[in-house]
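# My questions are about this predicted structure, shown below with the sequence.
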Amino acid sequence: MKKEGIDKMINIKEDEKLNVLNHSCAHLLAQAVKHLYPDALFWVGPVIEEGFYYDIDLNGKSLTVDDLPAIEKEMKKLVKDGKRIYREELSREEALEKFKNDPYKIDLINNMSDDTVISCYTQGDFTDLCRGPHVESVKLLKNFKLLKVSGAYWKNDSKNHMLQRIYGICFENPEDLENHLKELEEAKLRDHRKIGKDLKLFMMNDLVGKGLPMYLPNGYIIWELLENYIKDKEKKLNYHHVLTPPLGNVELYKKSGHWDHYKENMFPKMEVEGEEFVLRPMNCPHHMMIYANEIHSYRDLPIRIGEIARDCRFEASGALKGIERVRSFCQNDAHLFVTPEQIESEFKSVVNLILDVYKDLGIKDYSFELSLRDKSNTEKYYQDDEMWDNAENRLRKVLDDIGIPYTEKIGEAAFYGPKLDVQVKPAVGNAYTLSTCQLDFCLPMKFDLSYIDKDGSKKTPVVLHRAVFGSIDRFIAYYLEETKGALPLWLSPTQINVIPVNNEFHLKYAEDITNKLKDLNYRVNLDDREEKLGYKMRESVINKIPITLIIGQKEVDNNVVSYRKYGSEETITLSFEEFCKYIDELKASYK
């Protein structure tokens, strides 16, 4: 046994300090739990992006958030005691002997390779198996907070028994902890799952299946408006929209290469009448077949095929998140079949379309990433050095010509070609890809696609795969969180809420106003319930309706309307004609 002193924080890189604090705090949590629940056994307590967690076996007891304050109190007591933390290195035999009564640690030790350095850390009366590093003393762990508790299967295997997983966070100073907790509260307010439930936009049900969202009437209004918006944009750019089935023959995906490169993300194949089918994970093979359905001349190109297409991908249940990460979704997909000479102009047109949509919808915090292949990874990527070099250089040239700043990401390309990813930074959480455009020399060759060139020879087209919204589902999730559910007028399920102050005297005029607005194709609700005005006004705010009309005696006598805009306490009175002009302008702005 080799004993060592403490790990000095001074020797730890600045960007690793948070990880060390959180890993050490996981042990502090475990020590406190052991004091409160002496029979507790511990599996693993890793650092994660949101802090740390520890999986704990409490001999069948289930914890709730109500149990966390008592654990925090014990942790604070241990911090006040200020025990130093010591590291020991053990031989395999010593480790097995030391943890002989702990089946979880025995399992970890037995699964370590022969060259693994086995170490444990001790703080006061608690010792835990860990590779470290840790802080020098528990007194450095006072700025912590336990966040939540959930169940977790041992080794993430549903065949195993359930453990209790406690999540927490730790910072160097109280200011950082307070700021983080405020961010978490803000994230709760912006969580699209909560907003979706509160505004009755979509639902999930395990009987239907995990990761399979169902859009309620309000949600489908948003979905359909976004579909029509992007289709109108595409039609002006001479896209041709199609409709293809959400499954295909396995041979189709073998021909495209997806079966070899993407099979682990697809649902299992199913056999019907001697044919094998699979739910499609993407739409490009179908669109390749549509192109191949006719003979094309160079004069026909570019051919732009678009579709709001239903796709299915097998996401692990732990990765599912509302409508942001699902197993069934609709891509705003398109495939542009072009000649080599048209690559730059069509790629530029796609980039400009993305920028145009982002400008319309007020999306400002984004960046461009050019995803390239890793030349050393010969298994992941289609092998054709000349094709890859040509494709990557063509995309670089367009971005340089447009003057758009971008970063290069080696090893992030699709298996068939490089791509441009647009990363959005949401109001909370990490950046992720929203829009994408991929250059593909590979699939057209695999499907033997061709066009007749000027000299009468057959040439192979190049394909641009592109999605502006990505999937409509993910875009809705993103936009709900950006707006906190307070959608702009054009996108709101209910645009105007009409409230008569007193039904006996004001309902008739309110009905007339409502009908006139409906005739102008506005989505209007008339709240004629026998409730107090204040109650109905509060509900209008809770439902985040952009415009609320208040119809009282003044409005009836003067043939006017009075309105409040969501988020404002100011009431403005206008003639009906002036009001219509105002909301027409508001609707046209998209924001």
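That came in fine, so what should we check first? What you are looking at is a predicted structure, and each value in this text was computed from that prediction instead of being measured. Numbers count the residues shown, from 1 in each chain.
# Okay, and the beta partners of the closest residue to I547 other than its chain neighbours?
Nearest-residue entry for I547: I496, 4.6 Å, with adjacent residues in sequence omitted and distances by C-beta to C-beta, 6 or more residues apart in numbering. Placement of C-beta: from N, CA and C, glycine included. Taking DSSP bridges as the rule, I496 bridges to V524, I547.
# Now do the contacts for I496.
Under the criterion of C-beta atoms under 8 Å, 6 or more residues apart in numbering, the contact partners of I496 comprise 517, 522-525, 545-549, 583.
# roughly how far apart are the residue lying closest to F314 once chain neighbours are set aside and G211?
Nearest in space to F314, with sequence neighbours left out and distances taken as C-beta to C-beta, 6+ apart, is F267 at 5.3 Å. Distance, F267 to G211, by C-beta to C-beta, to the nearest Å: 11 Å.
# Compare the two (neighbour count), which wins?
Neighbour comparison, F267 and G211: the larger count goes to G211, with 22 against 15 (by other C-beta atoms under 10 Å).
# Enumerate every residue touching the more buried one.
Residues counted as contacts of G211 (C-beta under 8 Å, 6+ apart) are 204, 315, 317, 320, 325-328.
# swap the cut-off to 10 Å and go again
Under the criterion of C-beta atoms under 10 Å, 6 or more residues apart in numbering, the neighbours of G211 are 204, 312-317, 319-323, 325-329.
# Of those residues, just the buried ones, ChimeraX syntax please.
Here is the ChimeraX command that picks out the buried ones among these, judged by 16 or more other C-beta atoms under 10 Å:
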select :204,312,313,315,320,322,323,325,326,327,328,329
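# Which ones among the contacts of G211 map onto strands?
Members of the contacts of G211 lying in strands (criterion: DSSP state E): 312, 328-329.
# ok, back up a step: and the contacts of G211, which of them are in helices?
Cross-referencing these against helices under DSSP state H gives no overlap.
# How many neighbouring residues does K536 have?
Neighbours around K536, by other C-beta under 10 Å: 18.
# Can you tell me the closest non-neighbouring residue to Y298?
Counting by C-beta to C-beta, 6+ apart, the residue nearest Y298 is D453, at 5.1 Å.
# for L526, same thing?
Leaving aside its sequence neighbours, L526 is closest to T514 (4.5 Å, by C-beta to C-beta, 6+ apart).
# mind listing what that neighbour touches?
Going by C-beta under 10 Å, 6+ apart, the list of residues near T514 reads 496-498, 500, 522, 524-528, 549, 551.
# Stretch 490-501 - what's its average pLDDT?
In this model, stretch 490-501 has an average pLDDT of 97.
# same thing with stretch 315-326?
According to the model, stretch 315-326 has a mean pLDDT of 89.
# Alpha carbons only: can I get that stretch in CSV?
Extracted as CSV, the C-alpha positions of stretch 315-326 are listed here (Å, rounded to 0.1, in the frame of the first residue of the first chain):
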residue,chain,number,x,y,z
GLU,A,315,-32.6,7.5,-29.4
ALA,A,316,-31.7,5.9,-26.1
SER,A,317,-34.4,6.6,-23.6
GLY,A,318,-32.0,8.6,-21.4
ALA,A,319,-31.3,11.0,-24.2
LEU,A,320,-35.0,11.8,-24.9
LYS,A,321,-36.0,15.3,-24.1
GLY,A,322,-39.5,16.7,-24.8
ILE,A,323,-39.7,17.5,-28.5
GLU,A,324,-36.1,18.4,-28.7
ARG,A,325,-34.8,14.9,-28.7
VAL,A,326,-37.4,12.4,-29.9
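# Need the ones in strands among the contacts of G211 in TSV (columns: distance to P133).
Shown next, in TSV, are the ones in strands among the contacts of G211 (distance: C-beta to C-beta, whole Å):
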residue	distance to P133
C312	44
S328	44
F329	42
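# which one of these is nearest E482?
Nearest to E482, judged by C-beta to C-beta, of the ones in strands among the contacts of G211 is F329 at 19.0 Å.
# isn't that closest one right up against D311?
Yes - with contact taken as C-beta atoms under 10 Å, F329 and D311 are classed as touching, separated by 6.0 Å.
# Just to check, Y366 is in contact with K425?
Yes - Y366 sits in contact with K425 when judged by C-beta under 10 Å, with a separation of 6.9 Å.
# okay, now the domains of the protein?
Here the domain parsing of the chain from automatic domain parsing is 2-190, 198-246+292-483, 489-588.
# the strands in the stretch 251-400 of the chain, which residues?
Read by DSSP state E, counting those that start in this stretch, the stretch 251-400 of the chain holds these strands, from start to end of the chain: 270-272, 275-279, 303-312, 328-338, 366-372.
# ok, the contacts of T514 vs V272, which is closest?
Closest approach to V272 among these (C-beta to C-beta): N525, at 46.3 Å.
# Would you enumerate the residues in contact with that closest one?
Listed by C-beta under 10 Å, 6+ apart, the contact set of N525 reads 493-499, 514, 540, 543, 545, 548.
# Let me know the distance separating it from E482.
If you go by C-beta to C-beta, the gap between N525 and E482 works out to 24 Å.
# Check N543 too.
18 Å.
# just for the stretch 401-550 of the chain, where's the confidence low?
Residues of the stretch 401-550 of the chain that meet the criterion pLDDT under 70 are absent altogether.
# which neighbours do F329 and D311 share?
Counting by C-beta under 10 Å, 6+ apart, the common neighbours of F329 and D311 are S471.
# just to revisit the earlier point, could you export the contacts of N525 as TSV, including distance to P69?
As requested, those are arranged in TSV below (distance: C-beta to C-beta, whole Å):
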residue	distance to P69
P493	40
T494	41
Q495	45
I496	46
N497	41
V498	47
I499	43
T514	51
S540	37
N543	34
I545	39
T548	41
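# wait, which of those residues is closest to K197?
Sorting the contacts of N525 by how near they are to K197, with C-beta to C-beta, puts N543 at the top with 12.6 Å.
# how far away is that closest one from M203?
From N543 to M203 the distance is 17 Å (C-beta to C-beta).
# quick one: which of these two has more around it?
For N543 and M203, the more surrounded residue by other C-beta under 10 Å is N543, and the numbers stand at 19 against 13.
# check contacts around that one.
Contact criterion C-beta under 10 Å, 6+ apart gives 198-200, 218, 485, 492-494, 497, 525, 566 as the residues in contact with N543.
# Please render these as TSV that adds secondary structure and distance to T433 to the earlier fields.
Rendered in TSV, the data for the contacts of N543 read as follows (DSSP: H, G, I helix; E, B strand; the rest coil; distance: C-beta to C-beta, whole Å):
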residue	secondary structure	distance to T433
D198	helix	27
L199	coil	26
K200	coil	29
N218	helix	27
G485	coil	23
S492	coil	27
P493	coil	27
T494	coil	32
N497	strand	36
N525	strand	36
Y566	coil	31
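# Buried among those? Need that as a selection in ChimeraX.
Restricted to the buried members of the contacts of N543, where burial is judged by 16+ other C-beta under 10 Å, the ChimeraX selection command reads as follows:
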select :199,218,485,492,493,494,497,525,566
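# which of the contacts of N543 lies closest to T127?
Of the contacts of N543, the one sitting nearest to T127 (C-beta to C-beta) turns out to be D198, at 47.0 Å.
# and the closest residue to that closest one other than its chain neighbours, how far is that from K77?
With C-beta to C-beta, 6+ apart as the criterion, D198 has its nearest non-adjacent residue at 7.1 Å, and that residue is G485. With distances defined as C-beta to C-beta, the gap from G485 to K77 amounts to 42 Å.
# Go ahead and confirm R304 touches I290.
No - under the criterion of C-beta under 10 Å, R304 lies out of contact with I290, with a separation of 11.8 Å.
# So between those two, which is more surrounded?
R304 (21 against 17).
# Tell me how far the residue lying closest to S62 once chain neighbours are set aside lies from K145.
The shortest distance from S62 to any residue that is not its chain neighbour, by C-beta to C-beta, 6+ apart, is 6.7 Å, and that residue is Q164. Relative to K145, Q164 is positioned 18 Å away (criterion: C-beta to C-beta).
# who's more crowded, the two?
When Q164 and K145 are compared for neighbours, Q164 comes out ahead with 22 against 18, by other C-beta under 10 Å.
# Is the more buried one part of a helix or strand, or is it coil?
At Q164, secondary structure determined by DSSP: H, G, I helix; E, B strand; the rest coil is strand.
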